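Engineer: all I have is the shape, not the residue letters:
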């Protein structure tokens, strides 16, 4: 049985996995991402690490169908190049495919990191192999991937920018320059921003308000934990967050009618409470027929979604 290699390239670490053809992870490891010197060492380090591991496990290039990788930035899936991955210091065009194929002799396939994580969840995660899945990832930003009729949707290049759906035209300015993007209110930083703003107007008794006024560090996790304890301000903040995310999910479902919307990323650690809160709002904004058939689910693969989805690129494109 031939194997697959999946690589999840991030700003702090590069995660690797060797998998069977049906998605079972056999070996996992990671290295630090060296972004110094305009990120020039990143790809040579990846090649070096793979060669070292294959030697360690007694494997050769002939044992593999291919290598798949998820990368931040703007990815050209045909040419296998990446540009504008600023957290890697890649400002200029990087010929990733060419370098890795030359370095390993194994066919190589690449896509955007959020797209790749959505493939992982669709293949053997919460999407359960359905052909119509939308993945929303809530972390420092909000990302996403769309799979329709079994295929990743790229559009002319940047489809799936779920974080930039407008949920409040009078809202906060986003890092992209627009006003009111979902990312400004549904990311980990967005939830904290909502909490700080709402605490200014809030006059009642609240531990969350006390912490903010006291200059203590407040995180999205703290807001969720306090809401579980029925802190009145934390509950208000999350109601607002659920409204924005439920509205966005309703709009996505009305256009695409997926079988499942999978919610992942760091913020999704809040669990069932998050799904229930979003679902209440989703029900208000989804078209009746869609409301009955589209499911909202928590992601299941955690940190492995990236490497598993990257490996599945090989199956799709090889």
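Structural biologist: Here it is on my side, so go on. Keep in mind that what you see is a predicted model, and the values were worked out from it rather than measured. Numbering: from 1, shown residues only.

Engineer: what is the burial count for residue 129?
Structural biologist: 10 (other Cβ atoms under 10 Å). C-beta: built from backbone N, CA, C; applies to glycine.

Engineer: paired strands for the helix or strand bottoming out on mean pLDDT in the chain, with orientation please.
Structural biologist: Evaluated with mean pLDDT, DSSP states H and E, the helix-and-strand set of the chain has its lowest mean pLDDT in strand 74-76, which scores a mean of 91. Sheet pairing of strand 74-76 (DSSP bridges) gives strand 81-83 (antiparallel).

Engineer: mean confidence score for the longest helix along the chain?
Structural biologist: As assigned by DSSP state H, the longest helix anywhere in the chain is helix 232-256. Confidence for helix 232-256, expressed as mean pLDDT, is 98.

Engineer: packing partners for it?
Structural biologist: For helix 232-256, the helices and strands in contact under the criterion 3 or more Cβ pairs under 8 Å, 6 or more residues apart in numbering; DSSP states H and E are strand 133-138, helix 183-186, helix 188-201, helix 207-213, helix 220-228, strand 260-264, helix 272-285.

Engineer: domain map for the chain?
Structural biologist: Domain ranges of the chain: 3-112, 126-300, per automatic domain parsing.

Engineer: need the helices for the stretch 51-200 of the chain, in chain order.
Structural biologist: Assigned helices in the stretch 51-200 of the chain, in chain order: 96-104, 113-124, 183-186, 188-201 (criterion: DSSP state H, counting those that start in this stretch).

Engineer: now render the ones you listed as a markdown table, adding distance to residue 27 and mean neighbour count.
Structural biologist: Output for the helices of the stretch 51-200 of the chain, formatted as a markdown table (distance: least, Cβ to Cβ, whole Å; neighbours: other Cβ atoms under 10 Å):
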| stretch | distance to residue 27 | mean neighbour count |
| --- | --- | --- |
| helix 96-104 | 16 | 18 |
| helix 113-124 | 17 | 28 |
| helix 183-186 | 35 | 27 |
| helix 188-201 | 31 | 18 |
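
Engineer: tell me which of these lies nearest to residue 86.
Structural biologist: Closest of the helices of the stretch 51-200 of the chain to residue 86 is helix 113-124, at 13.4 Å (criterion: Cβ to Cβ).

Engineer: returning to what we had before: in TSV: the helices of the stretch 51-200 of the chain, plus mean pLDDT and distance to residue 263.
Structural biologist: Below are the helices of the stretch 51-200 of the chain laid out as TSV (pLDDT from 0 to 100; distance: least, Cβ to Cβ, whole Å):
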stretch	mean pLDDT	distance to residue 263
helix 96-104	98	29
helix 113-124	94	10
helix 183-186	97	10
helix 188-201	97	13
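
Engineer: Throw the ones you listed into a markdown table and include distance to residue 296, thanks.
Structural biologist: Supplementary listing: the helices of the stretch 51-200 of the chain in a markdown table, determined by distance: least, Cβ to Cβ, whole Å:
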| stretch | distance to residue 296 |
| --- | --- |
| helix 96-104 | 34 |
| helix 113-124 | 13 |
| helix 183-186 | 14 |
| helix 188-201 | 18 |
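
Engineer: to residue 312, which of those lies closest?
Structural biologist: Between residue 312 and the helices of the stretch 51-200 of the chain, the shortest gap by Cβ to Cβ is with helix 113-124, which sits at 4.8 Å.
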